[in-house]
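[1] Please find the sequence and the predicted model below.
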Amino acid sequence: MRLLILCFLIYLGYWVFKKWALPGQSSTTPPEDVALTPVDDVMVKDPFCQTYLPKKQGIKSVINEKTHYFCSTTCRDKYLETIKDSKH
């Protein structure tokens with residue numbers, strides 16, 4: 001039991017010393033020498049097959065004044081068929 005208390009006190013002393021000796025550093029902030037990279041592309045969801053793909057790689061189609069992105073022309077064509085069938 002004494003050993004456990006001694007280990008806790010050593011850890012507590014280390015933690016206090018670390019906060020006192022290095023007040024500017026926080027474990028939640030990244031080091032300054034690490035460059036934060038911007039997001040290269042946004043992921044979008046294909047409305048037909050429900051897969052996610054990078055917006056840059058998607059096939060863009062404006063349907064009923066709304067922009068959709070598809071993973072392939074096959075998915076786009078099948079989606080257009082379902083819309084056409086649902087209107088009849």
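    All right, it came through fine.
[2] L80: neighbour count?
    Residues lying near L80 (other C-beta atoms under 10 Å) number 15. For the C-beta atoms, the positions are set from N, CA and C on the backbone; glycine is no exception.
[3] Skipping adjacent residues, who's closest to it in space?
    Residue nearest to L80 in three dimensions, not counting chain neighbours: I63, with 7.2 Å by C-beta to C-beta, 6 or more residues apart in numbering.
[4] what is the one you found paired to in the beta sheet?
    According to DSSP bridges, the partner residues bridging I63 are K66.
[5] where does this structure dip in pLDDT?
    When the per-residue scores of the chain are filtered using pLDDT under 70, the ranges that remain are 23-36, 88.
[6] for it, what's the longest helix?
    Criterion DSSP state H: the longest helix present in the chain is helix 2-21.
[7] how distant is it from the center of its chain?
    What separates the centre of helix 2-21 from the centre of its chain is 37 Å, taken as C-alpha atoms, centre = their mean, to the nearest Å.
[8] helix or strand right after it?
    Proceeding N to C from helix 2-21, the next assigned helix or strand is strand 43-45, under DSSP states H and E.
[9] tell me what that following strand is packed against?
    Under the contact criterion of 3 or more C-beta pairs under 8 Å, 6 or more residues apart in numbering; DSSP states H and E, the helices and strands touching strand 43-45 comprise strand 52-54.
[10] which helices and strands sit right next to the strand it packs on?
    Applying 3+ C-beta pairs under 8 Å, 6+ apart, one finds that strand 52-54 makes contact with strand 43-45.
[11] buried sites along the strand it packs on?
    Judged by neighbour count using 16 or more other C-beta atoms under 10 Å, the buried positions of strand 43-45 are V44.
[12] Stretch 67-82 too?
    Judged by neighbour count using 16+ other C-beta under 10 Å, the buried positions of stretch 67-82 are 68-71, 75-76, 79.
[13] can you put the residues you listed in JSON lines and add distance to V16?
    Listed next are those as JSON lines, based on distance: C-beta to C-beta, whole Å:
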{"residue": "H68", "distance to V16": "57"}
{"residue": "Y69", "distance to V16": "54"}
{"residue": "F70", "distance to V16": "58"}
{"residue": "C71", "distance to V16": "55"}
{"residue": "C75", "distance to V16": "59"}
{"residue": "R76", "distance to V16": "62"}
{"residue": "Y79", "distance to V16": "62"}
